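Student: heads up, no residue letters with this:
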């Protein structure tokens with residue numbers, strides 16, 4: 001995911017009448033990226049890569065995208081499948097849901 005433009009966040013918050021500490025925004029951004037990396041690594045460790053590699057395109061790419069992002073809705077769009085159908089493949093590929 002793209003980095004958050006801290007100055008933009010502060011500017012928009014000010015326009016809306018809020019006060020935002022830029023350092024806290026940066027710290028939260030760092031914590032969020034750390035969390036994303038940890039959840040991505042969890043998905044990578046548990047996945048059945050052989051199952052994914054046996055799938056036809058675009059399903060194979062969609063499952064790989066799901067492993068990297070955890071975004072089931074986006075992966076379903078890439079695969080051209082309904083969410084429930086892609087979720088069945090997620091289960092077979094042993095891709096965990098990470099929160």
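Tutor: Thanks, I have the structure now. For clarity, every value in this text was computed on a predicted model and none was experimentally measured.
Student: separation between residue 78 and residue 33?
Tutor: Computed as C-beta to C-beta, to the nearest Å, the residue 78 to residue 33 distance reads 23 Å. For every residue, glycine as well, the C-beta is placed using N, CA and C.
Student: For these two, indicate the residue with more neighbours.
Tutor: Neighbour tally, residue 78 and residue 33, criterion other C-beta atoms under 10 Å: the higher count belongs to residue 78, 18 against 13.
Student: Tell me the confidence at the nearest residue to residue 20 once chain neighbours are set aside?
Tutor: Distances taken as C-beta to C-beta, 6 or more residues apart in numbering put residue 13 closest to residue 20, at 4.2 Å, once the chain neighbours are dropped. Per-residue confidence (pLDDT) for residue 13: 93.
Student: Please, which helix or strand holds residue 13?
Tutor: Element membership of residue 13, judged by DSSP states H and E, is helix 6-15.
Student: how about that helix: buried residues?
Tutor: Buried positions in helix 6-15, judged by neighbour count with 16 or more other C-beta atoms under 10 Å: 6, 9, 10.
Student: just stretch 74-82 next, same as before
Tutor: Neighbour-count burial for stretch 74-82 [16+ other C-beta under 10 Å]: 75, 76, 78, 79, 81.
Student: export these to a markdown table and tack on distance to residue 68 and pLDDT?
Tutor: Conversion of the buried residues of stretch 74-82 to a markdown table gives the following (distance: C-beta to C-beta, whole Å; pLDDT from 0 to 100):
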| residue | distance to residue 68 | pLDDT |
| --- | --- | --- |
| 75 | 9 | 98 |
| 76 | 15 | 98 |
| 78 | 12 | 97 |
| 79 | 14 | 98 |
| 81 | 18 | 97 |
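Student: mind listing the helices for this structure?
Tutor: According to DSSP state H, the chain carries its helices in the segments 6-15, 22-46, 49-53, 59-69, 72-79, 83-92.
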